[in-house]
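Asks: build me a model:
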Amino acid sequence: MLCTNSLSLLNSTEGRIALNYKRAIKTPKFDPTSKDLIITWDLFMQNYRCINMAACDLIQAIPANNTFWKFFNEKLAGLSAPQKIEFMNS
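Replies: Numbers count the residues shown, from 1 in each chain. The predicted structure is shown next:
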């Protein structure tokens, strides 16, 4: 999965348009930290997801600045749904 919690990235004009970001309206009915979960924005699914941090491996971190947008535009913007799945499985 490809995700971020960078509000500066998500709240930018590009984030709202290219990543389809929408600010959360409700808070969860449970405490995510009590279950070792974080809530994050999934860039491919374009929605919030809970991630179990006990079973998570960080493969790569991309700075939430122009470096991200360069990566996004060159590698991700034109991917089809099957290509996104292939990217996530690689």
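Asks: hey, let's count contacts and neighbours off CA atoms from now on
Replies: Noted.
Asks: next, the buried residues of stretch 10-21.
Replies: Leu10, Gly15, Ala18, Leu19, Asn20, Tyr21 (16 or more other C-alpha atoms under 10 Å).
Asks: sorry, that was for stretch 2-9
Replies: Neighbour count says stretch 2-9 has Cys3, Thr4, Leu9 buried, by 16+ other C-alpha under 10 Å.
Asks: any idea how far Thr40 is from the second one?
Replies: When distance is defined by C-alpha to C-alpha, to the nearest Å, Thr4 is 6 Å away from Thr40.
Asks: which parts of the chain are helices?
Replies: 7-10, 13-18, 66-71, 81-89 (DSSP state H).
Asks: among those, which is nearest Ile59?
Replies: With distances scored as C-alpha to C-alpha, the stretch of those nearest to Ile59 is helix 81-89 (11.0 Å).
Asks: buried ones in the closest one?
Replies: By neighbour count with 16+ other C-alpha under 10 Å, helix 81-89 contains the buried residues Lys84.
Asks: hmm, who's touching that helix?
Replies: Met1, Leu2, Phe44, Leu76 (C-alpha atoms under 8 Å, 6 or more residues apart in numbering).
Asks: CA atoms only: put it into CSV for me.
Replies: This file holds the C-alpha atoms of helix 81-89, laid out as CSV (Å, rounded to 0.1, in the frame of the first residue of the first chain):
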residue,chain,number,x,y,z
ALA,A,81,-6.1,-0.5,-11.7
PRO,A,82,-4.2,-3.7,-12.5
GLN,A,83,-0.9,-1.8,-12.6
LYS,A,84,-1.7,-0.3,-9.2
ILE,A,85,-2.2,-3.9,-7.8
GLU,A,86,1.1,-5.0,-9.4
PHE,A,87,2.8,-2.0,-7.8
MET,A,88,1.4,-2.8,-4.4
ASN,A,89,2.5,-6.5,-4.8
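Asks: what residues are up against Thr13?
Replies: Contacts for Thr13 were tallied using C-alpha under 8 Å, 6+ apart; there are none.
Asks: so how far is Ser6 from it?
Replies: Distance, Thr13 to Ser6, using C-alpha to C-alpha: 13 Å.
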